[in-house]
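>>> sequence? don't have it. structure:
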């Protein structure tokens, strides 16, 4: 089964300041590739995918430690707050070398299909949007770098310095990037239970 992702660079629990710096670094990867008004959409989308995947793995590992069979722990949706199908797990996303945008779109669709509470949450993000993201080569280059970037941080509950870290990250993204576009930030709604899933 998949190994846990590394924690914050220092090996300690991830703080708000570290996560904000991490998100700003993600924006640096996008600079010059896409319009700054789109940063928050793609960054939060990847943060969201990584969070759900890390949390799913954490739950599965705990289930196994508590005596549940590995098969049940990793494949039974009833055992998880949010079930993450294989194609949406971070380990699968990391292995994708080409058509990364298409793979990310399929991961988002698979998450929504498996979890009624997520319906419509990720549907508005198109990781294959040529108009916003350029040609296939540019998309693969940018998303390969972003996936690698998000692979360096663990978003498991046991690696977070405070329970509402993702909520704070979302607010940070809105403040930093929605203002750039002259828009109000509340247009990308995420269910509260997802942000703080425990």
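Thanks, I have the structure now. As the structure is a prediction and not an experimental result, all values here were calculated from the model. Numbering: from 1, shown residues only.

>>> now the helices for the protein?
16-30, 39-65, 70-75, 90-95, 100-114, 130-133, 136-151, 165-173, 192-195 (DSSP state H).

>>> Rebuild those as JSON lines, extending it with distance to residue 82.
C-betas here are computed from N, CA, C, even on glycine. Converted to JSON lines, the helices of the chain look like this (distance: least, CB to CB, whole Å):
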{"stretch": "helix 16-30", "distance to residue 82": "20"}
{"stretch": "helix 39-65", "distance to residue 82": "5"}
{"stretch": "helix 70-75", "distance to residue 82": "14"}
{"stretch": "helix 90-95", "distance to residue 82": "14"}
{"stretch": "helix 100-114", "distance to residue 82": "8"}
{"stretch": "helix 130-133", "distance to residue 82": "27"}
{"stretch": "helix 136-151", "distance to residue 82": "18"}
{"stretch": "helix 165-173", "distance to residue 82": "13"}
{"stretch": "helix 192-195", "distance to residue 82": "7"}
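
>>> highest average neighbour count across the ones you listed?
Mean neighbour count (mean count of other CB atoms under 10 Å) peaks for helix 39-65 among the helices of the chain, with a mean of 22.

>>> mind checking how far the residue located most distally from the centre of the chain is from residue 73?
Within the chain, the residue lying farthest from the chain centre (CA atoms, centre = their mean) is residue 67, at 28.7 Å. Distance of residue 67 to residue 73, given as CB to CB, to the nearest Å: 10 Å.

>>> got it, and residue 166?
23 Å.

>>> what does residue 37 give?
41 Å.

>>> what do you get for residue 122?
25 Å.

>>> before we move on, what about residue 152?
In terms of CB to CB, residue 152 sits 26 Å off from residue 73.

>>> and what of residue 139?
Distance from residue 139 to residue 73, by CB to CB: 34 Å.

>>> and if you look at residue 40?
34 Å.

>>> count of neighbours near the closest residue to residue 12 other than its chain neighbours?
Leaving aside its sequence neighbours, residue 12 sits nearest to residue 161 (CB to CB, 6 or more residues apart in numbering; 7.9 Å). Applying other CB atoms under 10 Å, we find 14 residues neighbouring residue 161.

>>> repeat for residue 158
By other CB under 10 Å, neighbour count at residue 158 equals 11.
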